[in-house]
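Chemist: Let's see this in three dimensions:
(chains A, B, C and D)
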Amino acid sequence: MLEFLVGKFNYYIYIFLMMIGFYAMMGKRNLVKKLIGMNIFQWSIILYFISIGAKKGGSIPIVEGLSGHGAHIVSHASQYVNPLPHVLMLTAIVVGVGTTGVALALLITIYKKYKTLEEDEILRKIK
Amino acid sequence: MNFYQVHFPILIVSVTLLFSFLIPVFGWWKKKLCYPLAIIAISISLFSSLIVANRVLYHGPIRYYLGGWEPPWGIEFYIDHLNALMVVLVTSISLLVLISSKKSIEKELPDKDVPFYSLFLLLFTGLAGIVVTGDMFNLYVFLEIASLSAYALIAIGEERAPYAAFRYVVLGTIGACFYLLSVGYLYIVTGSLNMADLNQILPNLYHSKVVLVAFSFFMIGIAIKMALFPLHVWLPDAYTYAPSPVSSLIAPLMTKVGIYVMIKIMFKVFEPSFSIEMLPVTTILSWVASIAIIVGCVLALAQVDLKRMLTYIMVAEVGYIVLGVAMANRNALTGAVLHIVNDALMMACLFLIVAAIMFKLGIRNIYELRFLHRKMPFTMGAFTIAALSMMGVPPACGFFSKWYLILGAIDANNWIFVAVILMSGLFNAILFFRVIENAYFEPAYAHDGGEHIEVSRDEAPLSLLIPILIMAVGIILLGIFSGKIISAFIQFIVPVSF
Amino acid sequence: MEVIQSIRPLLAVLVSAFAGCLILLAGEKNRNIREFWTILASVVKFSIVCSMIPFILEGKIIEYTIVNVCQGVSLQFRVDAFGMIFAVLASALWIAVSIYSIGYMRGLKEHAQTRFFFCFALALCGGVGVALSGNLLTLYMFYEILSVSTYPLIAHKETPEAIKAARKYLTYLLTGAAFILFSIGLTYYLTGSLDFVAGGFLEGHCSANLLRLLFVTFIIGFGSKAAIIPIHEWLPTAMIAPTPVSALLHAVAVVKAGVFCCLRVILYVFGPELLFDLGMWLILAYVASFTIIVANMFALAQDHLKRRLAFSTINNLSIIILGAALLSSDAIRGSMVHIAYHGFMKITLFLCAGAIYVKTHKEYISEMDGIGRQMPFTLGAFTIGALGLTGIPPVCGFISKWYLCLGSIEADQLIFLIVILISALLDAAYFFPIVYNAFFKSKNGVYPKFDEASSLVVVPIVATATFSVIFCIFPNAFFYFLDMASISVQNILGGV
Amino acid sequence: MIDKHESIIIKTISRILAPFVQLYALYVIMHGHTSPGGGFQGGVILGASFILLAIAFGIDEVKERFAERILTTFTSMGVFIYGFIGFVCFVLGANFLDYGILPVVEPRGMGMLGIEIGVGITVMAVMVSIFYDLSTYE
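Modeler: Below is the predicted model:
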């Protein structure tokens, strides 16, 4: 049982973070807190992706001792951490930044219009 | 193949991407150049998508390796019959909506037209990219491009738009993250992101828990993106308060592209047998879809605002198509894919008409649409054609997709779905005749008051009217020639195992 | 049964649609041109339809395929003898009614006349399309066009009752259409093709019960337009429409299309033998005779002239269905001929009702004492029509009733013979009082002086009345209705 | 409005620190194709240096040096570099973004570098413009 727990601890962490983010999005009334919850939600998935690529004893995916003329030297892959999730997560991070940027801009316009960020007050003002 | 034949798939996406960044620069310098630039960009994409569709028709699927890398490593654009049909659909409707948006943007959002056009092109790039790409993660990137520009476009709208857009942001991000999670899970198990590649690796992995979890995450994520019944909460507010040219672009295409992704993943990545025998996915989906149809129609009945009524009808139409897909037999799937095309056209036409009415009269309440048939005769004529097509009156295209759906339901021998499809036809009839009645027949006091209220004809501006009329004629032609479209494209889409 | 390919059926159908667009273009401003387009279209349509009669009489069938919808089904016209009867009827009467409606609309200075004539032309396009269609899908298409294009005509007055009547009209017809769509889908699923085959093509494709269910859904679907009793509600309330509408559409084109489709289903989809084995023909016969009796009872009670005529139409439609349900050769021939002859007679009655309304604004029979002296021609034609409908010899109603009686004897079903005779009796019961009041009663001794409606109104009435008499003396005059009926009976019953 | 910061310490340190941050950012961008780094990270660091100046000296000060209009052109310019390189490979016959075909001495590396520079510029410009939009609340 213990090794099952220790072996898979990164999955538990990402699920735990995800649920925190999920709760914040649903539970919290303040819109900024919802936004922070959304960020936690996104970042837990990025963390999960990075944890996929990890290998025991693997170093960062940079090929040393290569004069860089791009020849396909056979490098033993087990030495290096799997680079693909890292590349994917670059894009996911940029997407996260983009979403947060748009959401913050929305919050500013909402604040300018309703002078509050509490959801139930906004709903009352809308009706 | 000569030189330029090869590179058209990438032209569809990259030209509009670059032009969408060109427009803000021109915006500072010479404002009135933005609209022609946008038109050029999308017509180039339309031109290249037509060529691509033509080549797919005669030479079969095209594969285009971005950066020259072979599929398992690099990203590839894989265009088969389903993609070709969707690309042509997306580009043609975007072009028509763009032409019609010039006037309504100048009236509704006078100072925001430069960002509008660049975001419009970015949204188009996202949609075209989703439909063209053959790589799972690349599809996520295009999905996010489309969603982000959609969030921003919706937020430009009237007073309640930012709040509706914020709710759309939150829900849309959850959907996209679920999709990303399912890509991650598939990646752990199979080690590849390419759809065609996955199709080979997955069949012998169906019993592993990870693949089941990946499939369920994927279905929830895409259900949010296409506003399937329980997860459609964001759609009515977002599309009603968005400015009218924006809603006439997003409404017909965003949900249809979501459904395309579902079909692609359910039938092209995972084997159809997976979602029929292994997991009871099709039964669940078909029940959820039929509830979606009923709830969509009933809620639409309760609406007074014409545009909000159309959004609820769209929830029902999504249920329609998903029901066709979920019934998993040849006729039903043909009906579903044909309905994607028909419904996109009908919805675009209806939303453009609402935009024209908003532009001219500024009202959306159904019961205030008085004397419309004399004020805007052509617009109301197009509305009647689109309404008849939604109801399933034969010469228009709506009937033929309903015809295939009913055949599929009878083939699958579940009579409840046949009843649901026929019922939704009647619901649509009630919904649309309510509007036609108000628009065409003035109340009695207009007569008994002796003289006849003389109403001058002030039709919507030409640039708004021509796209509407083109779409109305298209609805009729698509109806008559649906047989040709099926034999040309949809025949090959249906997986051989049905 | 040699088949000719020719574009005539498509032209015949599209003429009125094209004329509709021209009418829209002409618009309110230049009314005379618009009226000219209507008359020209009706004449051209009638001539195209008549040009096809010689081929049909030689036993040929004209076919034309527009486009292939899915395998085994395409939008296709197949003109056979039975379809020709209804097409000739509709286009011939359209000429009479279009002349009449010009006089009527101008007489009452109605509003929105462009919309009226446009929808009229579109409705005729649907009507003739139903007559000439070759398979169930094309039939369904024109059936829907017919229902939808008559909606604005009913709501023409735009009073709340008119709008409510139109709404009721739509609910009945679109629910019926849903039933039809289901049954067409089921037939396609069972047999793989939808083309009409004289004598039926549903033989042994599935279990008897499913066939019975299919027959019931077909009859409910088409019955809603053929105004069988439980689902006839919309016809009397639709009488609020202007008289040319209720004359041509609700007496001839629309409801006849419903009966025509019922007959198509009974004779060309199921076929007499299959129906006989299923035993469904007896149930249909009982439902039809129940409708006949009850409709006549209602007619007796109506004081509003047009509602009484509406109930008499319901009664006659069920007589046609009863004739077909008896499945004997004479009965079928009688019902087919009754479609044509009833059209001519009933349109005369409706046009007279319209003329009376235009001239004296009287709608209720109780107010029409001594009107015969005031409008002798109109009421004379009314008497001829009334005589015909009760089946008295000099007018063509007699011939179809005669064949129907022969048919019911041939099918040795005496009950239905009695039903037909009772219906003739009841017809007399509610038509002759009108004639008597018109001519022999006078409002407190003073006979109104001669004052006919305008000639544009009276000429069509007299023409249709004389036609009804001619058809009795020479049943095969001009349009060879009787021959066409016997040809189609031969095809159906396999030359028995 | 983020206005001038009073304390001298903040102003002097940020004035000294800014160039080194920018230098480091350029290093990160340049070494994208062989060592850790690349367009995104470098662009963000570059953007951060301008934001640091904006916080220390106030928005208007930095806006004079780096106006809104230039920012938009920088964003577009970055994407055009990326697009231009893509189209050059496209015109020369290979697929979009296939650097192997470039007539440069070391095609793969140089092509990658060009893309990294374009992306770095765009990300820097977008970061700074997001900061401008969010902070100028009037």
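Chemist: tell me, how many neighbours does the closest residue to residue C:451 other than its chain neighbours end up with?
Modeler: Take residue C:451 and drop its neighbours on the chain: the residue closest to it by C-beta to C-beta, 6 or more residues apart in numbering or on different chains is residue C:374, 5.4 Å away. In short, each C-beta sits where N, CA and C put it, glycine included. Counted with other C-beta atoms under 10 Å in any protein chain shown, residues neighbouring residue C:374 total 20.
Chemist: Poorly predicted segments of chain A, please.
Modeler: Chain A contains residues with pLDDT under 70 at A:63-77.
Chemist: Which residues of chain D lie near chain A?
Modeler: Residues of chain D lying close to chain A (C-beta under 8 Å from any C-beta of the partner chain) are D:34-36, D:38, D:40, D:106, D:108-109, D:123, D:130, D:133-134, D:137.
Chemist: nearest residue to residue C:102 other than its sequence neighbours?
Modeler: Leaving out its chain neighbours, the residue that sits closest to residue C:102 by C-beta to C-beta, 6+ apart is residue C:35, at 5.1 Å.
Chemist: what's the distance between the one you found and chain B?
Modeler: 21 Å (C-beta to the nearest C-beta, to the nearest Å).
Chemist: Go through the helix or strand that that residue is a member of and flag the buried ones.
Modeler: Here residue C:35, judged by DSSP states H and E, is contained in helix C:31-51. Residues of helix C:31-51 classed as buried by neighbour count (16 or more other C-beta atoms under 10 Å in any protein chain shown): C:31, C:34-35, C:37-38, C:41-42, C:44-46, C:48-50.
Chemist: possible to save the residues you listed as CSV with pLDDT?
Modeler: Formatted as CSV, the buried residues of helix C:31-51 follow (pLDDT from 0 to 100):
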residue, pLDDT
C:31, 79
C:34, 84
C:35, 85
C:37, 86
C:38, 88
C:41, 90
C:42, 90
C:44, 92
C:45, 91
C:46, 91
C:48, 91
C:49, 89
C:50, 89
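Chemist: In TSV, list those residues along with distance to residue C:84.
Modeler: Converted to TSV, the buried residues of helix C:31-51 look like this (distance: C-beta to C-beta, whole Å):
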residue	distance to residue C:84
C:31	34
C:34	30
C:35	29
C:37	26
C:38	23
C:41	20
C:42	18
C:44	17
C:45	14
C:46	13
C:48	12
C:49	8
C:50	10
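Chemist: about what we covered before: okay, and which of the residues of chain D next to chain A map to helices?
Modeler: Counting by DSSP state H, the residues of chain D next to chain A place D:40, D:108, D:109, D:123, D:130, D:133, D:134 in helices.
Chemist: Wait, the second one touches residue D:98, no?
Modeler: No. Between residue D:108 and residue D:98 there is no contact under C-beta atoms under 8 Å: 9.7 Å.
Chemist: between those two, who's got more neighbours?
Modeler: For residue D:108 versus residue D:98, neighbours defined as other C-beta under 10 Å are more numerous around residue D:98 (22 against 16).
Chemist: residues touching the more buried one, list them.
Modeler: B:67, B:68, D:89 (C-beta atoms under 8 Å, 6 or more residues apart in numbering or on different chains).
Chemist: residue nearest the centroid of chain A?
Modeler: The residue lying closest to the centre of chain A (C-alpha atoms, centre = their mean) is residue A:43, at 1.7 Å.
Chemist: Just to be sure, it is in a helix?
Modeler: Yes. Secondary structure of residue A:43 (DSSP: H, G, I helix; E, B strand; the rest coil): part of a helix.
Chemist: so how far is residue B:327 from it?
Modeler: 40 Å (C-beta to C-beta, to the nearest Å).
Chemist: Where does the stretch 301-450 of chain C get nearest to chain B, which residue?
Modeler: In the stretch 301-450 of chain C, no residue comes nearer to chain B than residue C:361, which is 16.5 Å away by C-beta to the nearest C-beta.
Chemist: residues near that residue, how many?
Modeler: 9.
Chemist: is the residue in chain C that chain D sits nearest to in a bridge, and if so with what?
Modeler: For chain C and chain D, the shortest gap (C-beta to the nearest C-beta) falls at residue C:70, measuring 39.7 Å. The residues listed as beta-bridge partners of residue C:70 by DSSP bridges are residue C:73.
Chemist: Phi, psi for residue C:66 please.
Modeler: phi -80, psi -60 (degrees, to the nearest 10).
Chemist: Name the helix or strand for residue C:63, please.
Modeler: Going by DSSP H and E, residue C:63 is part of strand C:61-70.
Chemist: Just the CA atoms of that strand, as PDB, please.
Modeler: Output in PDB follows, covering the C-alpha atoms of strand C:61-70 (Å, rounded to 0.1, in the frame of the first residue of the first chain):
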ATOM      1  CA  ILE C  61     -47.200   7.500 -68.200                       C
ATOM      2  CA  ILE C  62     -45.100  10.700 -68.300                       C
ATOM      3  CA  GLU C  63     -42.100  10.800 -66.000                       C
ATOM      4  CA  TYR C  64     -39.500  13.400 -65.000                       C
ATOM      5  CA  THR C  65     -36.800  13.200 -62.400                       C
ATOM      6  CA  ILE C  66     -35.500  16.400 -60.900                       C
ATOM      7  CA  VAL C  67     -32.700  15.200 -58.500                       C
ATOM      8  CA  ASN C  68     -31.800  12.100 -56.700                       C
ATOM      9  CA  VAL C  69     -32.200  12.500 -52.900                       C
ATOM     10  CA  CYS C  70     -31.000   9.200 -51.600                       C
END
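Chemist: Determine the set of other helices and strands touching that strand.
Modeler: helix B:397-411, helix B:482-485, strand C:3-5, helix C:8-26, strand C:73-79 (3 or more C-beta pairs under 8 Å, 6 or more residues apart in numbering or on different chains; DSSP states H and E).
Chemist: Pipe these into TSV and attach mean neighbour count per row.
Modeler: Listed next are those as TSV, based on neighbours: other C-beta atoms under 10 Å in any protein chain shown:
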stretch	mean neighbour count
helix B:397-411	26
helix B:482-485	18
strand C:3-5	10
helix C:8-26	20
strand C:73-79	21
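Chemist: residue ranges with poor pLDDT in chain B?
Modeler: B:1-5, B:443-455, B:498.
Chemist: Same check on chain D?
Modeler: If you take pLDDT under 70 as the line, chain D has these spans: D:1-5, D:33-34, D:137-138.
Chemist: For it, what lies in contact range of chain B?
Modeler: D:69, D:72-73, D:75-76, D:79-80, D:83, D:86-87, D:90, D:93-100.
Chemist: most residues in a single helix of chain A, which one?
Modeler: helix A:83-114.
Chemist: So which bits of that helix are buried?
Modeler: So helix A:83-114, judged by 16+ other C-beta under 10 Å, has buried residues A:84-85, A:88-89, A:91-103, A:105-107, A:109-111, A:113-114.
Chemist: Tell me the spacing between the residue of chain D found nearest chain B and residue C:140.
Modeler: Chain B sits closest to residue D:98 of chain D, with a gap of 3.5 Å, by C-beta to the nearest C-beta. Computed as C-beta to C-beta, the residue D:98 to residue C:140 distance reads 55 Å.
Chemist: So which of the residues of chain D next to chain B belong to helices?
Modeler: Cross-referencing those against helices under DSSP H gives D:69, D:72, D:73, D:75, D:76, D:79, D:80, D:83, D:86, D:87, D:90.
Chemist: isn't the third one right next to residue B:25, touching?
Modeler: To tie it back to what came earlier, the one meant is residue D:73. Yes. Here residue D:73 reaches residue B:25: they are 5.6 Å apart, a contact under C-beta under 8 Å.
Chemist: The helix holding residue C:35: what's the following helix or strand?
Modeler: From helix C:31-51, the next helix or strand downstream (DSSP H and E) is helix C:53-57.
Chemist: Other residues contacting that following helix?
Modeler: Defining contact as C-beta under 8 Å, 6+ apart, one finds that helix C:53-57 is touched by C:4, C:62, C:79, C:80, C:81, C:84, C:88, C:479, C:480, C:483, C:484, C:487.
Chemist: Buried only: go through the residues you listed for me.
Modeler: Applying 16+ other C-beta under 10 Å to those flags C:62, C:79, C:80, C:81, C:84, C:88, C:479, C:480, C:484, C:487 as buried.
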